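>>> Below is the sequence, then the predicted model.
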Amino acid sequence: MEKNEERGWFFTSESVTEGHPDKICDIVSDSILDAILKQDDKARVACETFVSNGLLVVGGEITTKAQINKREIIKNAIKSIGYTDSKFGFDYKTCAIIDTINEQSPDIAQGVDTGGAGDQGLMIGFACKETKELMPLPIMLAHKLALRLAEVRKKNILKYLGPDGKTQVTVEYREWKPYRVDTVVLSTQHTEEILDKSGNQITKKAKQEIFDKVIKPILGNLIDKNTIIHINPTGKFMSFFR
């Protein structure tokens with residue numbers, strides 16, 4: 001957060017699309033958990049996922065009566081995200097899967113079997129009235145841009161987009177209320193077809209299309225002539241990791 005006495009203050013939040021490596025891990029772990037809970041609502045599931053180029057490792061401690069096909073669940077999760085072609089460096093058909101899941105440690109189990117908790121956590125936060133979701137406006141705008149990226153990709157509105165992407169929105173506040181969007185950063189994975197002659201940047205035409213189809217519908221009147229827009233500012237984004 002940055003303060004400016006004359007212009008108010010600024011708050012920045014970011015979000016990632018479902019094809020970002022962090023989100024892939026979340027989706028795979030959640031998919032395994034969901035499948036187990038359908039059969040065993042008393043299961044203990046601590047499922048962690050690691051992903052790299054062409055490789056997915058799932059591990060952790062799971063104690064359950066459920067019988068699931070983890071490999072099939074993992075592949076279906078990757079497929080649903082949109083990694084269906086190896087041109088993005090990762091796809092459900094060819095990625096290697098390593099399963100290192102074990103049962104819960106007996107040392108932990110002895111404290112949980114009687115009804116105790118196997119872990120602990122502290123959560124802090126608050127609701128606000130800036131959005132109908134009761135979340136601050138910057139994070140909701142970043143989330144909505146990420147969701148819009150996925151939507152235009154899956155509906156083939158922008159056929160050259162890949163599953164991975166990241167959004168960042170900076171909102172200017174005045175008198176403690178959102179006033180305008182000051183800066184937008186949108187980075188999206190894409191195919192080779194929209195690279196310019198240098199081979200290192202996407203074309204101005206593609207950037208305009210992304211602005212028209214993704215940014216403008218979400219941010220609308222919150223952007224003005226002074227809003228700074230960065231679309232793939234560091235250049236091409238074709239590989240799985242960036």
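Ah, there it is. Residues are numbered from 1 along each chain as shown.

>>> Wait, a helix at F90?
No. Under DSSP: H, G, I helix; E, B strand; the rest coil, F90 falls outside any helix and is assigned coil.

>>> which stretches of this structure form helices?
Counting by DSSP state H, the chain has helices at residues 21-39, 70-81, 106-112, 137-154, 204-210, 216-219.

>>> CA atoms only for the last one - export them in CSV, please.
Extracted as CSV, the C-alpha positions of helix 216-219 are listed here (Å, rounded to 0.1, in the frame of the first residue of the first chain):
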residue,chain,number,x,y,z
LYS,A,216,-12.4,-3.4,-20.4
PRO,A,217,-15.5,-5.6,-19.6
ILE,A,218,-14.3,-6.2,-16.0
LEU,A,219,-12.9,-2.8,-15.1
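
>>> Going by contacts, tell me the helices and strands next to it.
Using 3 or more C-beta pairs under 8 Å, 6 or more residues apart in numbering; DSSP states H and E, the elements in contact with helix 216-219 are helix 137-154. Just so you know, the C-beta spots here come from the backbone N, C-alpha and C atoms, and that holds for glycine as well.

>>> repeat that for 10 Å
Contacts defined by 3 or more C-beta pairs under 10 Å, 6 or more residues apart in numbering; DSSP states H and E place helix 216-219 against helix 137-154, strand 161-174, strand 177-190.

>>> Rounded mean pLDDT for the first one, please.
So that's helix 137-154. The average pLDDT within helix 137-154 is 97.

>>> Give me the distance from it to the chain's centre.
On the basis of C-alpha atoms, centre = their mean, to the nearest Å, helix 137-154 sits 10 Å off its chain's mean C-alpha point.

>>> Cool, thanks, signing off.
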